[in-house]
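> After the sequence you'll find the predicted model.
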Amino acid sequence: MLARRVRAKVDGFKAMRGGIVVAVVVVAALIPQMTQNQYYLGVAFQAEMLMCLALGLNIVVGYAGMLDLGFAAFFAIGAYTTGILSTKEHWSIIASIVPGVVIAVVCALIIGFPTLRLRSDYLAVVTLGFGEIIQTIAINLNQTGGPTGIYAIPALTIGSVVVNSNTGYYYVFFVLVIAFALFSTRLRGSRLGRAWLCIREDEDAAKAMGINTNHYKLYAYVFGAVLGSITGSLYAPALTAISPASFGFSESLLIVMAVAIGGLGSIWGVMFGAAVVEVFPEVFRSFAQARLLVFGVLLVFLMIVRPRGLFPERAFQGAGTRIRALLGRTKIASPLLVAADAIVAPPTEDP
Amino acid sequence: MTAVLETEHLSLQFGGVNALSDLSIQIEEKSLHAIIGPNGAGKTSLFNCLTGYYRPTSGTVRFQGSEMTGLDAAKVAGLGIRRTFQNIRVFPKMSVLENVLAGGHLRATANLLSIIVASPGFRRNERQLHGEAMTSLEFVGLADQWNKLAGDLPYGMRKRMELARVLIANPVVVLLDEPAAGVSSVEREELSRVIQRIHDQGTCVVMIEHDVELVMEIATDVTVLDNGRIIASGQPHDVRKNPDVIRAYMGRERK
């Protein structure tokens, strides 16, 4: 019967993926235990940070299909808001996340409302401009410290714990990556995720589904901005100093690259893509001056071999049930299985 | 009988071209209304005006007695007027099941917070939608294709999937743009059965169709368009004998 086939397939899939997921998470969690080398830890931390940004951008580019070339702007907004509030106003880092998010959302609405009705290539130009504007503002404003930026940003404190080591920030961002990935998974399995994909696939047909495409595009842009800003707010104390140079076009491009290399719309893909984009140039340090050339050639090669990314998005995604089952917290039946059972299992016995 | 969907003096112009001129049509409740006519007669333009894809130059469109002229396509879909497209428009990189779930977009009611925490309400809602999506797929005979990518389905199956996507919304009116175009005779039979079953459920079906045999077989009303005007309307067997219709299809007899 169909129900049984579906169940077998989903179960097998779940078990296999479950094993891999657990293994990856455990290994990642143990990285600081395996090495005390601050350089490696620094690279690992940078990779996590890029994963967070890539997960944020994935909602905009991967799900909703809107090319955003100025995503680093939201990252900058979070970092600068936290930097200014914590050094000048003595806010705690955690508290400063909130105004950062608020400002990012307001900017996203201001930029998004008039421009999101544009088709992708025009949108790319507008967002590119927005990224440049934010960087230019940061360079020229006194409050943002001009070209030198803001330094002596206090450490992140969570309750009574002061986070002031590479290892500490590694774990903070470890939690953040998982939170963002879960958040993305939930959105993907809901009407929001479906609406975004519909818009990406065929905007006119999406309207026929009753999807208010302008609203949903704006939602995607705002969610991306929120994740970008939160990442920025936690990035500032980790580095203790921020300057406009970290938030330019090249950073935006790096994030887009992580998403594209990993696989648009695929949560595992963009995380892996971020790791590749961050780690590979470091691995190629032995090539000295040619390292970016080698990296570039590798990227071109990757795009030829796997045009849809390293881990392209899969056909079916159950609404978060798989992740929940993996964590072993609840054993609810997948909606799909319930559905399959309800329809295909008539009150007759199988032969 | 009352009209569920009607237009009054509807005109649509593109530059100097009159795609539709002074077109008044009534679609009766629970009818299976076929719209036929030669290529370029304005059939799809009429559909686009009825579903909010085009804004008519003048005239009104009414749904269940209230005016909806110029309403945006998403809002029209929200009223319960659902359509398919002439060159099937599926979401190719989404699974068949998700394509159908997308059709039920407005019935997914969970708010953001309950989505993020995966509240029982959200899960119940999704479970019900998944169930109904599978029922719709079953209805069109595609239940065993649920996990395929929509883009991988053959043409005929994509047409049926588009129907399932329409049905999950529990529409009041379904507008089908050439449902049987380009399909094999076997698929045509299957589609014709599905359309009749949709109609039997009490849903009003409006379809553009070139296949006159199919129209004569299942339609309850027929409207014939030519050059953006109605040249005949009525029951299928009456329309068939109408000399204007014959002329539009066959050309004028030479004297």
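All right, it came through fine.

> Secondary structure element holding residue 122?
Chain wasn't specified; assuming chain A. Assessed by DSSP states H and E, residue A:122 sits inside helix A:120-140.

> please go with chain B instead
Going by DSSP H and E, residue B:122 is part of helix B:120-139.

> Now whatever helix or strand comes next after that helix: average pLDDT?
Past helix B:120-139, further along toward the C-terminus, the next helix or strand under DSSP H and E is helix B:155-167. Helix B:155-167 shows a mean pLDDT of 92.

> and the angle for the helix or strand containing residue A:234 with helix A:120-140?
Assigned by DSSP H and E, residue A:234 belongs to helix A:213-239. Taking axes from the mean of the first three to the mean of the last three Cα atoms, to 10 degrees, one finds that helix A:213-239 is oriented at 30 degrees with respect to helix A:120-140.

> list the buried ones in the helix holding residue A:122?
A:123-124, A:126-128, A:130-132, A:134-135, A:137-139 (16 or more other Cβ atoms under 10 Å in any protein chain shown). Any C-beta I mention is one placed from the backbone N, CA and C, and that applies to glycine too.

> orientation of the following helix or strand past the helix holding residue A:234 relative to helix A:213-239 in degrees?
Counting by DSSP H and E, the next helix or strand C-terminal to helix A:213-239 is helix A:249-262. Put simply, helix A:249-262 runs at 110 degrees to helix A:213-239, going by the same axes, to 10 degrees.

> which strands and helices sit next to helix A:249-262?
Here helix A:249-262 touches helix A:38-57, helix A:72-88, helix A:120-140, helix A:267-283, helix A:291-305, going by 3 or more Cβ pairs under 8 Å, 6 or more residues apart in numbering or on different chains; DSSP states H and E.

> Identify each buried residue in that helix, please.
Buried-residue list, helix A:249-262, by 16+ other Cβ under 10 Å: A:251-262.

> do stretch A:191-204 as well
Those buried within stretch A:191-204 under the rule 16+ other Cβ under 10 Å are A:191-203.

> just stretch B:11-27 next, same as before
Quick answer for stretch B:11-27 (16+ other Cβ under 10 Å): B:11-12, B:18-21, B:23, B:25-27.

> Could you do stretch A:26-38 as well?
In stretch A:26-38, counting by 16+ other Cβ under 10 Å, buried: A:28, A:31-32.

> Residues in contact with that stretch: which ones?
Identification of contacts with stretch A:26-38 by Cβ atoms under 8 Å, 6 or more residues apart in numbering or on different chains yields A:40-41, A:44, A:166-167, A:170-171, A:174.

> returning to that earlier point: with distance to residue B:38 and pLDDT as extra columns, can I get the buried residues of helix A:120-140 in CSV?
Output for those, formatted as CSV (distance: Cβ to Cβ, whole Å; pLDDT from 0 to 100):
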residue, distance to residue B:38, pLDDT
A:123, 40, 88
A:124, 43, 89
A:126, 44, 92
A:127, 46, 93
A:128, 48, 93
A:130, 50, 94
A:131, 53, 94
A:132, 54, 95
A:134, 57, 94
A:135, 59, 94
A:137, 61, 94
A:138, 63, 94
A:139, 65, 94
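
> next one: the helix holding residue A:234 to chain centre, how far?
9 Å (Cα atoms, centre = their mean, to the nearest Å).

> what do you get for stretch B:78-94?
9 Å.

> Equivalent analysis for stretch A:60-68, please.
With Cα atoms, centre = their mean, you get 12 Å for stretch A:60-68.

> In the stretch 51-200 of chain A, what residue lies closest to chain B?
Per Cβ to the nearest Cβ, residue A:191 is where the stretch 51-200 of chain A lies closest to chain B, at 3.6 Å.

> Mind checking what secondary structure residue B:175 has?
strand (DSSP: H, G, I helix; E, B strand; the rest coil).

> Look at it and say how many residues are nearby.
26 (other Cβ atoms under 10 Å in any protein chain shown).

> Any figure for the gap between it and residue B:242?
Distance of residue B:175 to residue B:242, given as Cβ to Cβ, to the nearest Å: 24 Å.

> so what's residue 105 closest to, chain neighbours aside?
No chain was given, so I picked chain A. residue A:222 (5.6 Å; Cβ to Cβ, 6 or more residues apart in numbering or on different chains).

> wrong chain, I was asking about chain B
That would be residue A:209: by Cβ to Cβ, 6+ apart, it lies 4.8 Å from residue B:105.

> residue ranges for the helices of the stretch 1-150 of chain B, please.
B:43-50, B:73-78, B:96-103, B:112-116, B:120-139 (DSSP state H, counting those that start in this stretch).

> How about the first one and chain A, any contact?
It stands for helix B:43-50. No: against chain A, helix B:43-50 shows no contacts by Cβ under 8 Å from any Cβ of the partner chain, the least distance being 10.3 Å.

> Can you list the buried residues in that helix?
Quick answer for helix B:43-50 (16+ other Cβ under 10 Å): B:43-50.

> can you check the longest one too?
Burial within helix B:120-139, assessed by neighbour count using 16+ other Cβ under 10 Å, is assigned to B:122-123, B:125-139.

> Also the second one?
Applying a neighbour-count criterion of 16+ other Cβ under 10 Å, one finds B:73-74, B:76-78 buried in helix B:73-78.

> For chain A, which element, helix or strand, carries the lowest mean pLDDT?
Using mean pLDDT, DSSP states H and E, the weakest-scoring helix or strand in chain A turns out to be helix A:321-327, at a mean of 38.

> Now stretch A:75-89 - C-alpha only, PDB.
Provided in PDB are the C-alpha atoms of stretch A:75-89 (Å, rounded to 0.1, in the frame of the first residue of the first chain):
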ATOM      1  CA  PHE A  75      25.100  42.900   9.400                       C
ATOM      2  CA  ALA A  76      26.600  46.400   9.700                       C
ATOM      3  CA  ILE A  77      23.500  47.900  11.300                       C
ATOM      4  CA  GLY A  78      23.500  45.200  14.000                       C
ATOM      5  CA  ALA A  79      27.200  45.500  14.600                       C
ATOM      6  CA  TYR A  80      27.200  49.300  14.800                       C
ATOM      7  CA  THR A  81      24.100  49.600  16.900                       C
ATOM      8  CA  THR A  82      25.600  47.200  19.400                       C
ATOM      9  CA  GLY A  83      29.000  48.900  19.100                       C
ATOM     10  CA  ILE A  84      27.700  52.400  19.800                       C
ATOM     11  CA  LEU A  85      25.200  51.500  22.500                       C
ATOM     12  CA  SER A  86      27.700  49.300  24.400                       C
ATOM     13  CA  THR A  87      30.600  51.800  24.300                       C
ATOM     14  CA  LYS A  88      28.900  55.100  24.500                       C
ATOM     15  CA  GLU A  89      25.700  54.300  26.400                       C
END
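
> What residues does the closest residue to chain A within the stretch 101-250 of chain B make contact with?
In the stretch 101-250 of chain B, the residue that lies nearest chain A is residue B:108 (3.6 Å; Cβ to the nearest Cβ). Listed by Cβ under 8 Å, 6+ apart, the contact partners of residue B:108 are A:190-191, A:194, B:101, B:125-126, B:129.

> Which one of those is nearest to residue A:180?
Relative to residue A:180, the closest of the contacts of residue B:108 is residue A:190; by Cβ to Cβ it sits at 15.8 Å.
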